[in-house]
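[1] Generate a structure from the sequence data that follows.
(2 chains)
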Amino acid sequence: MDLILGALGYIFDPVNWGAGAVQPGAIGGLLLEHLRLTALCVGIALVIALPLGFYIGHTGRARQFVIGFTGAMRALPTLGLLYFFFTLFAFSLSFLPAANLAVVISLIILAIPSILAGAYSGLESVDRETIDASRALGMTEFQILWQVEIPLALPLIVGGIRASVLQVIATATVAAYIGVGGLGRIILTGIGTNDYDRILGGALLVTALALVVDGAFALLQWLAAVGTAPRGARDTDGDATRAPLSAEPATQQ
Amino acid sequence: MVIEFRSVSKKFPDGTVAVEDFSLELPSGKATVFVGSSGSGKTTLLRMINRMVEPTSGQILIDGVDVATRDRVQLRRSIGYVLQAAGLLPHRTVLHNVATVPLLQRTDRAKARESALELLDKVGLDRRLAGRYPRQLSGGQQQRVGVARALASDPNILLMDEPFGAVDPIVRAELQVELNRLQRELGKTVVFVTHDIDEAFLIADQVVILKQGGRIAQVGTPAQILSAPADDFVASFIGADKGQRDLHLQERSGDDGLTLVVDQDGRPTGVLASSRPSAPSEDGTVS
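    Residues are numbered from 1 along each chain as shown, chains lettered A, B, ... in the order given. Got it, this is the predicted structure:
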C-alpha cells in the first residue's frame, strides 16, 4: 500500500510536472514524447502494412509467405532488436541519431504484424457474393477495394491498428535502455536510483496511457462497426413507419 | 440486342468441362431461359456474356461485336445482372445500392437519386424503403432491389442467375409474374438461368434445356417443348414421362358442379375456370 501511495505521490507531485523537474524530465514532456514516438512508429507501420494487407486480402496472393513472415516478426524480442540495430547504426552515426533510429525501426517491426493481420483478415472476411456482385456490376478492382472491401472490413482493420498501438505504447518503454524515449526513462531512472516510487509511478503512467488510448480506439472500432452494420440492422419486420433517411417525404406516393 | 454464342467451350483449370462447343442465338428483346440441373453449365454460359468467365475457345457476340474485344468494366456496366443472393452492398442504403452503376458512371447525384426512386416504383417497392439497409428487408424485397439495381443503367441486356431461388414459393410466384410484366413493359433481352422447369416455362420466350457440359437437349418455345419433347431426357426433365403434364378433367360429387383438373396420378392441379358459377379468377386456368 505504501508503495502505491508513494507511486501516486510521485505522479501527482507538481514538482515532477514542472519545467525544472530533475531527471529524467517533466512527466508531461515524457508523456508527449511517448505518444509522439508511438504515433510515429505506428504511422510508418500503417504506410507499410495497410497497402500490403489490402493487396494480400484482395488478391489472396503471397498469403502463405506473408503469414509465415509476420509470425516470425512477432517472435522477435524488441529489446534484442533494439540493441542489434543500435550497435549496427552506432558504427556510422553519432549516439542520438543511432539510438532514435534503432528505437523507431524496432517498434515499427513490432507494430506491423497486427496491422497486417487486421487488414488481410478483414478483407478476407467480406462476403464473396458481395464482391462477385460488385465486380459483375462493373466496378474496377480498385473501386471494389475502396467502396466495398475496406468499408466492410473497417472494424477488423481498426482492431488490428488498436492492438498494434497498444503493443507499441507498452513496449516503447524499452527505448530508455539506450537513453531515449518517453515514460520508460522514469522507470529506468527509478531502477538506477533504487527509487521504487518512480519505478511503479512510471509503470502506472504507461498503463494509464495505454488504457486511455485503447479506450479511444474501442470507440473508433465501435463507430466503424456501426457504419458497416447500420443501426436496427437486425430489424427485419416491415416497420414502414420508420422515417426515411434520404428519400424525400414529398416524393412518396 | 442479339446475343450469339459461336462454338463456345469452357474448361476450368481443375479440368472440369463446364461447356463444350455451345452455339446458339438469343433473340433480341426476348427472354431466353437456360434450364438444367447442376453441372449443366448454365451459370457459366450466363457469366460468359459479361466476361465474368472467359471462354476457353469460341466467341460470344452482342449485336455482332465480340465481347472479348470490349473493355470488361464498360461491358459489365452496360449489362444488368441479378444474382441469386441479390448481392446487395450491406453498408449502403437501398437507394444507394440501386444507384451504384449510375454513380460509377459519374451521373449527377441528384439525377441518379431521382431515377433510382423511379426504379423502386417500377419494381413495386415502396419509396419509403429507400433509406433502409439490405438487412432490414425481406428476401423478396432484396430481390426487387437487385432487379432495380440491374435496370439502373438502362441496359439492353438483363442477366438473371437463379434470381428467385432463395425466396419462398409465394413470393417467388409473385416475383415471376412481376418479371413478366416488366419484360413486356421494357422489352429487354433477358437471359435467365434456373433449374426449375416450371419457372422456365412461365418466363421464357425461348427455353434452352441443357444436359451435362452445356450440351443442348432442346431449344424451343414452351409450347413446342411441352407438345413435342425431343427425347427421353427432355421428356423426363419436364415431367412428361410420368404424365405430370397430361392433364384431364374430372368431376367429383360434392364439388357443386366444379370441374377439377388433375394430372396422370389424379393429383388435382386446378379448377376449370369456366365450370365456376361466377368465374372471374384466372387461378387454375388450364392453357
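[2] Quick check: closest non-adjacent residue to residue A:181.
    residue A:175 (2.7 Å; CB to CB, 6 or more residues apart in numbering or on different chains). For every residue, glycine as well, the C-beta is placed using N, CA and C.
[3] What's the local residue count around the closest residue to chain B within the stretch 1-150 of chain A?
    Using CB to the nearest CB, the closest approach of the stretch 1-150 of chain A to chain B is made by residue A:133 at 2.7 Å. By other CB atoms under 10 Å in any protein chain shown, 24 other residues sit near residue A:133.
[4] dump the residue contacts of the residue nearest to residue A:181.
    Taking CB atoms under 8 Å, 6 or more residues apart in numbering or on different chains, we find residue A:175 in contact with A:37, A:82, A:99, A:103, A:107, A:181-182, A:184.
[5] pLDDT at it, what is it?
    At residue A:175, the pLDDT value in this model is 89.
[6] quick one: secondary structure of residue B:74?
    Following DSSP: H, G, I helix; E, B strand; the rest coil, the label given to residue B:74 is helix.
[7] Am I right that the residue nearest to residue A:181 is in a helix?
    Yes. Counting by three-state DSSP, residue A:175 is found in a helix.
[8] And it, how far from chain B?
    As judged by CB to the nearest CB, to the nearest Å, residue A:175 and chain B stand 40 Å apart.
[9] Tell me how many other residues crowd residue A:142.
    9.
[10] err, residue B:31, not the other one
    24.
[11] Helices of the stretch 51-200 of chain B, start to end?
    In the stretch 51-200 of chain B, helices defined by DSSP state H, counting those that start in this stretch lie at B:72-77, B:94-98, B:100-104, B:109-122, B:139-151, B:169-186, B:197-203, listed in chain order.
[12] Out of those helices, the one nearest chain A is which?
    The nearest among those, by CB to the nearest CB, is helix B:72-77 at 3.3 Å.
[13] So for the closest one, what gets flagged as buried?
    B:72-73, B:75-77 (16 or more other CB atoms under 10 Å in any protein chain shown).
[14] what's the farthest-apart pair in the contacts of residue A:175?
    Farthest pair in the contacts of residue A:175 (CB to CB) is A:82 and A:182. Separation: 14.5 Å.
[15] okay, the two: which has more neighbours?
    Counted by other CB under 10 Å, residue A:82 and residue A:182 do not tie: residue A:182 has more neighbours, with 28 against 22.
[16] returning to that earlier point: which one is the residue of the stretch 1-150 of chain A closest to chain B nearest to, not counting chain neighbours?
    Counting by CB to CB, 6+ apart, the residue nearest residue A:133 is residue B:87, at 2.7 Å.
[17] again with residue B:66
    Distances taken as CB to CB, 6+ apart place residue B:59 nearest to residue B:66, at 5.1 Å, with adjacent residues excluded.
[18] ok, now how distant is the one you found from residue A:26?
    Going from residue B:59 to residue A:26 by CB to CB, to the nearest Å gives 76 Å.
[19] how many other residues sit next to the residue nearest to residue B:226 when sequence neighbours are not counted?
    Spatially, and ignoring its direct neighbours in sequence, residue B:226 is nearest to residue B:245 (6.2 Å; CB to CB, 6+ apart). Using other CB under 10 Å, residue B:245 has 16 neighbouring residues.
[20] part of a strand, is residue B:245?
    No. Counting by three-state DSSP, residue B:245 falls outside a strand, being coil.
[21] Which pLDDT value belongs to it?
    We have a pLDDT of 74 for residue B:245.
[22] Would you mind listing where the stretch 1-150 of chain A has pLDDT under the threshold?
    Along the stretch 1-150 of chain A, the model assigns pLDDT under 70 to residues A:19-23.
[23] residue ranges for the helices of it, please.
    A:2-12, A:27-59, A:63-75, A:78-90, A:95-124, A:128-137, A:141-143, A:150-171.
[24] For the residue nearest to the spatial centre of chain B, name its beta-bridge partners.
    The centre of chain B sits closest to residue B:192, judged by CA atoms, centre = their mean, with a distance of 3.3 Å. In this entry, residue B:192 is beta-bridged to residue B:33, residue B:160, by DSSP bridges.
[25] any idea how far residue B:224 lies from residue B:27?
    Residue B:224 is 14 Å from residue B:27, by CB to CB.
[26] again with residue A:144
    As judged by CB to CB, residue A:144 and residue B:27 stand 33 Å apart.
[27] quick one: which of these two has more around it?
    Between residue A:144 and residue B:27, residue A:144 has the larger neighbour count (other CB under 10 Å), namely 19 against 13.
[28] Could you find the closest non-adjacent residue to that one?
    Excluding the flanking residues, the one nearest residue A:144 by CB to CB, 6+ apart is residue A:134, at 5.1 Å.
[29] what about the one you found, how many residues close to it?
    23.
[30] Please enumerate the strands of the stretch 1-150 of chain B.
    Using DSSP state E, counting those that start in this stretch, the strands of the stretch 1-150 of chain B run over residues B:3-11, B:17-26, B:31-35, B:57-62, B:65-66, B:79-82.
[31] re earlier: what's the local residue count around the residue nearest to residue A:133?
    A count of nearby residues for residue B:87, using other CB under 10 Å, gives 26.
[32] can you pull the contacts of it?
    A:129-130, A:132-134, A:136, B:146.
[33] By neighbour count, which of these wins?
    Greatest neighbour count in those, by other CB under 10 Å, goes to residue B:146: 26 neighbours.
[34] ok, that one - contacts?
    So residue B:146 contacts B:82-83, B:86-88, B:163 (CB under 8 Å, 6+ apart).
[35] before we move on, the earlier item: format the helices of the stretch 1-150 of chain A as TSV; extra columns: distance to residue A:215.
    Shown next, in TSV, are the helices of the stretch 1-150 of chain A (distance: least, CB to CB, whole Å):
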stretch	distance to residue A:215
helix A:2-12	19
helix A:27-59	14
helix A:63-75	25
helix A:78-90	24
helix A:95-124	18
helix A:128-137	32
helix A:141-143	34
helix A:150-171	10
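[36] one step back: most tightly surrounded among the helices of the stretch 51-200 of chain B?
    helix B:94-98 (a mean of 27; mean count of other CB atoms under 10 Å in any protein chain shown).
[37] avg pLDDT for it?
    94.
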